[in-house]
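Trainee: sequence and predicted structure below; questions after.
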Amino acid sequence: MNSMHILRGWAARQTLWLGLAAALSVVQPALAADYRDSPQVREFVAEMSRDYGFAAEQLDRLFAEVQRKQTILDAISRPAEKVKPWKDYRPIFITDSRIARGVDFWRQHEATLARAEAEYGVPAQVIVAIIGVETFYGGNTGSYRVMDALSTLAFDYPPRAPFFRKELREFLMLSREEQVDPLTLKGSYAGAMGLPQFMPSSFRAYAVDFDGDGHINIWTNPVDAIGSVASYFKRHGWLPGEPVASRATVAGEQVEQGLSAGLDPQLNVDQLRRLGWSSSAALDGEMPVTAFRLEGAQGDEYWLGLPNFFVITRYNRSVMYAMAVNQLAELLVDARGAN
């Protein structure tokens, strides 16, 4: 049986859940003190009751079980590490084990991936690569209760409290919509969930019931996870049949002027050509591209990120992330064909 089906329902099993909550508050009173009396939580509960039709008493009982996690605050507050160069970043995600497991995942879910590609236009290898980079094909989806993670960050992390308060609201609504107990769902310390690591707002906007069982389960159901990744990419403008990136060669004194300041395309292929950039592929001169340089193992690499590259950066706003996904996808195709 699909594991989502055995989760206690938000509404259908409310009586049992509330009884368990009361029992827990007696047996483990330390767990019930973190947010029950928080003014911020009272304000949030009032908002959810007033604007979204939640029962205030039910939310009060829910927050009585929510725990503030110092480890989450430590993780998100940790000073950012110096950004790794591409030559060190790439080996983290491009490994023999990740390729081998990806080929196995592809073969195991071949029919589902083929259907997702047919319906959404997103290649199977790209979907597999996203799940591989995000969670090693479901092997590491996070161990924090999503309610604990989002509540801790919404009420105890001021720098990004508005963002996480919105995600907490979205999470409660998806729990109600999917009829699951919010205390049973787990994810990363930042509240990212399931095989594709969707935040709750992305879940509600893009996740799909790809197996047609009436529930969307990206935690333990690869079918829904595959369909949801494909849905996300299509909704962000994926162009079927188009490449992702093109290697470039550069020459002259104006090369630096062609580098993009951020992720958004700023120049087109013809404009870059006049600055000394040449693509290894035949590209439309009017195509807007992201031009970037990476510190590779063999020296500097120059690349043009095409429209589909930009789509991948909507999933994670990082040039190197998008490159890792693209190159893993290419290697998965090669490995699958060789075996």
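Mentor: Nice, thanks for sending it over.
Trainee: every contact and neighbour count from this point should use C-alpha atoms.
Mentor: Noted.
Trainee: mind listing what's buried in the lengthiest strand in the chain?
Mentor: Criterion DSSP state E: the longest strand present in the chain is strand 288-296. For strand 288-296, a neighbour-count test (16 or more other CA atoms under 10 Å) marks 288, 289, 290, 291, 292, 293 as buried.
Trainee: for the helix or strand that contains residue 150, give me every contacting residue.
Mentor: Counting by DSSP states H and E, the element that carries residue 150 is helix 146-156. For helix 146-156, the external contacting residues (CA atoms under 8 Å, 6 or more residues apart in numbering) are 40-41, 66-69, 72-73, 160-165, 167-168, 182-183, 185-193.
Trainee: so which of these belong to helices?
Mentor: Per DSSP state H, helices hold the following members of these: 40, 41, 72, 73, 161, 162, 163, 164, 165, 167, 168.
Trainee: and the last one, what is it in contact with?
Mentor: Residues touching residue 168, when contacts are defined by CA under 8 Å, 6+ apart, comprise 147, 150, 151, 154, 200.
Trainee: now with 7 Å, please.
Mentor: For residue 168, the contacting residues are 150, 151, by CA atoms under 7 Å, 6 or more residues apart in numbering.
Trainee: cool, residue 319 as well?
Mentor: residue 313.
Trainee: let's see 8 Å
Mentor: Residue 319 touches 263, 313, counting by CA under 8 Å, 6+ apart.
Trainee: would you report the backbone torsion angles of it?
Mentor: Main-chain torsions, residue 319, degrees, to the nearest 10: phi -60, psi -50.
Trainee: so, low pLDDT: which residues of the stretch 151-300 of the chain?
Mentor: By pLDDT under 70, the stretch 151-300 of the chain has no low-scoring segment.
Trainee: hang on, the earlier thing: from the contacts of helix 146-156, which would you call buried?
Mentor: Buried subset of those (neighbour count, 16+ other CA under 10 Å): 41, 66-69, 72-73, 161, 164-165, 167-168, 182-183, 185-193.
Trainee: what ranges does the protein have for its strands?
Mentor: Under the criterion DSSP E, strands of the chain are mapped to 144-145, 186-187, 245-250, 267-268, 277-279, 288-296, 299-305.
Trainee: and the ones you listed as a markdown table, adding distance to residue 223?
Mentor: Below are the strands of the chain laid out as a markdown table (distance: least, CA to CA, whole Å):
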| stretch | distance to residue 223 |
| --- | --- |
| strand 144-145 | 23 |
| strand 186-187 | 18 |
| strand 245-250 | 28 |
| strand 267-268 | 38 |
| strand 277-279 | 37 |
| strand 288-296 | 33 |
| strand 299-305 | 29 |
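Trainee: residue 142 touches residue 195, doesn't it?
Mentor: No: Residue 142 lies out of contact with residue 195 (CA atoms under 8 Å); the separation is 9.5 Å.
Trainee: which one of the two is surrounded by more residues?
Mentor: residue 195 (30 against 20; other CA atoms under 10 Å).
Trainee: excluding chain neighbours, what is closest to that one?
Mentor: residue 138 (4.8 Å; CA to CA, 6 or more residues apart in numbering).
Trainee: same check, this time on residue 137
Mentor: residue 131 (5.2 Å).
Trainee: for the one you found, what are its contacts?
Mentor: Contact partners of residue 131, counting by CA under 8 Å, 6+ apart, are 137, 138, 195, 196.
Trainee: measure it to residue 196 for me?
Mentor: Residue 131 is 5 Å from residue 196, where distance means CA to CA, to the nearest Å.
Trainee: what do you get for residue 272?
Mentor: In terms of CA to CA, residue 272 sits 35 Å off from residue 196.
Trainee: more neighbours: the two, which one.
Mentor: Shown here are residue 272 and residue 196; by other CA under 10 Å, residue 196 has more neighbours (30 against 24).
Trainee: just checking, that one touches residue 135?
Mentor: Yes: contact criterion CA under 8 Å: residue 196 and residue 135 qualify, at 7.0 Å.
Trainee: okay, how far is it across stretch 294-302, tip to tip?
Mentor: OK, stretch 294-302 end separation, CA to CA: 6 Å.
Trainee: what does it rub up against?
Mentor: So stretch 294-302 is in contact with 85, 86, 87, 247, 248, 249, 250, 291, 292, 293, 303, going by CA under 8 Å, 6+ apart.
Trainee: can you check stretch 88-96 too?
Mentor: 133, 320, 324, 327, 328.
Trainee: hang on, the earlier thing: distance of the residue nearest to residue 195 from residue 274?
Mentor: According to CA to CA, residue 138 stands 45 Å off from residue 274.
Trainee: so which of those two has more stuff around it?
Mentor: residue 138 (22 against 13).
Trainee: residues contacting the more buried one?
Mentor: By CA under 8 Å, 6+ apart, the neighbours of residue 138 are 131, 132, 194, 195, 220.
Trainee: just flag the most distant two among the residues you listed.
Mentor: Using CA to CA, the two most remote members of the contacts of residue 138 are 132 and 220, lying 14.8 Å apart.
Trainee: of these two, which one has the most company?
Mentor: residue 132 (26 against 15).
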